[in-house]
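> Build me a model from this:
(chains A and B)
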Amino acid sequence: MGNSVKTQTATPAFDIKGSMLTVMVVHLYRTDKDLIATLLREKIRQAPGVFKQAPVVLDLRAVRDDERTLDIPFLVEILRGYGMLPIGVRGGNTKLNSMALGVGLNLLAEVRPGRMRQENQLLNIHEPQPTEEEPAEVPALVVEAPALAPVKIIETPVRSGQQVVAAGDLVILSMVSPGAEILAHRHIHVHGPLRGRALAGVGGDTSARIFCQRLEAELVSVAGHYQINEDLDQNLLGRAVQIYLKQDRLHIEPFGTSTTL
Amino acid sequence: MTRIVVVTSGKGGVGKTTTSAAFGTGLALRGYRTVVIDFDVGLRNLDLVMGCERRVVYDLINVINKEGNLNQALIKDKRVENLFILPASQTRNKEALTLSGLEEVMESLRERFDYIICDSPAGIEHGAMMAMHFADEALIVTNPEVSSVRDSDRIIGMLASKTQRAERGDTPVKEHLLLTRYVPSRVTSGDMLSAEDVQEILAIPLIGVIPESPDVLRASNSGIPITLDESSHAGQAYHDVVARFLGEDRPLRFLNTHKKGFLSRFFGG
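Sure, this is the predicted structure:
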């Protein structure tokens, strides 16, 4: 309905915004290609959706001093095969780094030991059976992901001039006044009248949606695609709707009529 | 325990000073020791509306700057017992109104008064922020029209975030919506928002509706707070507001249009 993206007069050519992305870190502890491939396959089978389109960083600190050099191109090919997006390595030695560069990965900054604790164990894999060489507890690889941002819940009205930003989902249990702005990197749920501006997927997440009890918004946006109040379908105003992006176009649908569920 | 009440709105010209004078006078008439402070540095009006403009010697900024003490600045109302006014400065810069200076003045006033009414200037700048900073309760004066409602919403947001109570995480400032300059016939015709509409948009409890009344301008020009005019509907409505503020249950009056005979004769509109 209408243009999803409208340029207005004096639109800047670009804008630089801070953002938060979930990135997975694959910590390598062994260099055995077959073992790694097997374990990866098992891990991905447990939750394939988690790894699709996931940006991935390889942490090589544990294997950097290993005489047997990890086959980075091989590993990267496997990861890409599963839909993951390897973007870089960290903690490698000269040889590992040049291999990484050779397959288009970037060299990321070293991590101080303390920082490791911020990363959470994701889908711990169980070592099948220990070989004579290594102790049982050390897995070949551990895939970790930063904690997903918890949902932000606001119970009081969001008043004109106020701005609320959530790193994950945002739930407003009251109204959003005209002149107020609510932003979320993921979904927005407004259990009250939405009269201000709502911007979901501000980090670029095109799957983000806006759900509201009463659409009276001044502006709605998903991942940068926006519509102003004037361009909203009059029949939708005042109704409970969900707003999402489909093929780069903003769709606004009252609940109960969507065919995409 | 002294209660500090800020009378604020965001929008200008909606009736803050009229309300401060009427509300303060109403409280004093009931026996409470009340002081009304004008925070509009440079555009002072409270002294005019309360009829003491010819007796101003020292003002709030003089007191903050230690150029005069509180006793010299406080003006005792000639008509009502227990009622005092602390005027604003007309010639000074509002930057002289500092938080620490104000805090000291508030502490001294707390010892002498039951209610401190802070008449805020319009806007959301320094004067308005100073007026609301120490508030325990707020009367948000709103006219039944869209710009006033929008500005009131803004000011409510600030009461929830920029006051001492908000900064300290104490129980929030108690908010009361006061609808002023209400004309029932214009609400019926759709020109004005109804009390329900405004309440729905602002989502704070309604403490009263003051009807538009020619008495208010006359009273203001004579320097007599409207609550001293027994016959005025606006005055009576303010008395209702004071009553509700103090916990009494009073039904809303002056809300309905003159559709049915008797009361219609009282309305000018």
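> Only alpha carbons, please: show stretch B:17-37 as CSV.
Taking Å, rounded to 0.1, in the frame of the first residue of the first chain, the C-alpha atoms of stretch B:17-37 are listed here in CSV:
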residue,chain,number,x,y,z
THR,B,17,-1.6,31.6,37.2
THR,B,18,-5.3,31.9,37.6
THR,B,19,-5.3,28.3,38.9
SER,B,20,-2.4,28.9,41.3
ALA,B,21,-4.1,31.9,42.7
ALA,B,22,-7.5,30.3,43.0
PHE,B,23,-6.2,27.0,44.3
GLY,B,24,-3.9,28.6,46.8
THR,B,25,-6.6,30.9,48.1
GLY,B,26,-9.0,28.0,48.3
LEU,B,27,-6.6,26.0,50.5
ALA,B,28,-6.0,29.0,52.7
LEU,B,29,-9.7,29.6,53.1
ARG,B,30,-9.9,26.2,54.6
GLY,B,31,-7.3,27.0,57.2
TYR,B,32,-4.1,25.7,55.7
ARG,B,33,-1.0,27.8,55.8
THR,B,34,-0.4,28.3,52.1
VAL,B,35,2.3,30.1,50.0
VAL,B,36,2.1,30.6,46.3
ILE,B,37,5.4,31.1,44.5
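> now it: how far from the chain's centre is it?
The gap between where stretch B:17-37 is centred and where its chain is centred comes out at 9 Å by CA atoms, centre = their mean, to the nearest Å.
> can you pull the buried residues of it?
Buried positions in stretch B:17-37, judged by neighbour count with 16 or more other CB atoms under 10 Å in any protein chain shown: B:17-29, B:32-37. C-beta: built from backbone N, CA, C; applies to glycine.
> give me the number of residues near A:Asp15?
Here the neighbour count serves as a burial measure; for A:Asp15 (other CB atoms under 10 Å in any protein chain shown) it reads 7.
> And the pLDDT for it?
For A:Asp15, the pLDDT comes out at 79.
> So what does A:Glu253 look like in phi/psi?
According to degrees, to the nearest 10, the main-chain angles of A:Glu253 amount to phi -130, psi 140.
> hang on, the earlier thing: go through the buried residues of stretch B:17-37 and flag which are in helices.
When the buried residues of stretch B:17-37 are checked against helices using DSSP state H, the ones located there are B:17-29.
> Name the nearest residue to the residue of the stretch 101-250 of chain A found nearest chain B, ignoring sequence neighbours.
In the stretch 101-250 of chain A, no residue comes nearer to chain B than A:Arg159, which is 3.0 Å away by CB to the nearest CB. For A:Arg159, the nearest residue in space outside its immediate sequence neighbours is B:Gly157; the separation is 3.0 Å by CB to CB, 6 or more residues apart in numbering or on different chains.
> which residues does the residue nearest to B:Gly24 when sequence neighbours are not counted bridge with?
On the basis of CB to CB, 6+ apart, the spatially nearest residue to B:Gly24 that is not a chain neighbour turns out to be B:Val36, at 4.0 Å. In this structure, B:Val36 has the following beta-bridge partners (DSSP bridges): B:Ile85, B:Ile117.
> Repeat that for A:Leu215.
The residues paired with A:Leu215 through beta bridges, assigned by DSSP bridges, are A:Leu194.
> how far away is the residue in the stretch 101-250 of chain B that chain A sits nearest to from A:Arg197?
Distances between the stretch 101-250 of chain B and chain A by CB to the nearest CB are smallest at B:Gly157, namely 3.0 Å. Relative to A:Arg197, B:Gly157 is positioned 15 Å away (criterion: CB to CB, to the nearest Å).
> likewise A:Asn235?
Counting by CB to CB, the gap from A:Asn235 to A:Arg197 is 21 Å.
> and if you look at A:Glu110?
Taken as CB to CB, the spacing of A:Glu110 relative to A:Arg197 amounts to 40 Å.
> Comparing the two, which shows the higher neighbour count?
A count of neighbours by other CB under 10 Å puts A:Arg197 above the other of A:Glu110 and A:Arg197, at 21 against 10.
> Please name the residues that touch the more buried one.
Listed by CB atoms under 8 Å, 6 or more residues apart in numbering or on different chains, the contact partners of A:Arg197 are A:Ala180, A:Glu181, A:Ile182, A:Ala217, A:Glu218, A:Leu219, A:Val220, A:Ser221.
> between those, which is closest to A:Ile153?
A:Ile182 (12.1 Å; CB to CB).
> Indicate whether the strand or helix carrying the closest one makes contact with chain B.
Applying DSSP states H and E as the criterion places A:Ile182 in strand A:181-184. No: for a cut-off given as CB under 8 Å from any CB of the partner chain, strand A:181-184 has no contacts with chain B; the smallest distance is 11.8 Å.
> Tell me if I'm right that A:Val89 and A:Val57 touch.
Yes: between A:Val89 and A:Val57 there is a contact under CB atoms under 8 Å: 6.9 Å.
> who's more crowded, the two?
A count of neighbours by other CB under 10 Å puts A:Val89 above the other of A:Val89 and A:Val57, at 27 against 21.
> did I read that right, that one in a helix?
No: counting by DSSP: H, G, I helix; E, B strand; the rest coil, A:Val89 falls outside a helix, being strand.
> Relative to A:Leu60, how far out is it?
Between A:Val89 and A:Leu60 the distance is 6 Å, computed by CB to CB.
> Show me whatever sits in contact with both of these two.
Between them, A:Val89 and A:Leu60 share these contacting residues under CB under 8 Å, 6+ apart: A:Leu96.
> in stretch A:96-114, what counts as buried?
Neighbour-count burial for stretch A:96-114, with 16+ other CB under 10 Å as criterion, is recorded at A:Leu96, A:Asn97, A:Met99, A:Ala100, A:Leu105, A:Leu108, A:Val111.
> Correction: the previous question concerned stretch B:229-240.
Within stretch B:229-240, judged by 16+ other CB under 10 Å, the buried ones are B:Asp229, B:Ser232, B:His233, B:Ala234, B:Gly235, B:Gln236, B:Ala237, B:Tyr238, B:His239, B:Asp240.
> Need the mean per-residue confidence for that stretch.
For stretch B:229-240, the mean per-residue pLDDT is 95.
> Now do the shared contacts for A:Val89 and A:Val57.
Taking CB under 8 Å, 6+ apart as the contact rule, A:Val89 and A:Val57 both touch A:Leu108.
> Quick one: residues contacting residue 99.
All of this refers to chain A. In this structure, A:Met99 makes contact with A:Thr69, A:Ile72, A:Pro73, judged by CB under 8 Å, 6+ apart.
> not quite, I wanted chain B
When contacts are counted by CB under 8 Å, 6+ apart, B:Leu99 touches B:Met130, B:His133.
> pretty sure the residue of the stretch 101-250 of chain B closest to chain A is in a helix, no?
Yes: checked against three-state DSSP, B:Gly157 lies within a helix.
> now the helices for chain B?
When secondary structure is read from DSSP H, chain B shows helices at B:16-29, B:46-49, B:60-64, B:70-73, B:99-112, B:126-133, B:146-159, B:164-168, B:184-189, B:195-202, B:214-222, B:233-245, B:261-264.
> Go through the ones you listed and pick out the most buried.
Ranked by mean neighbour count, the helices of chain B are led by helix B:16-29 with a mean of 28 (mean count of other CB atoms under 10 Å in any protein chain shown).
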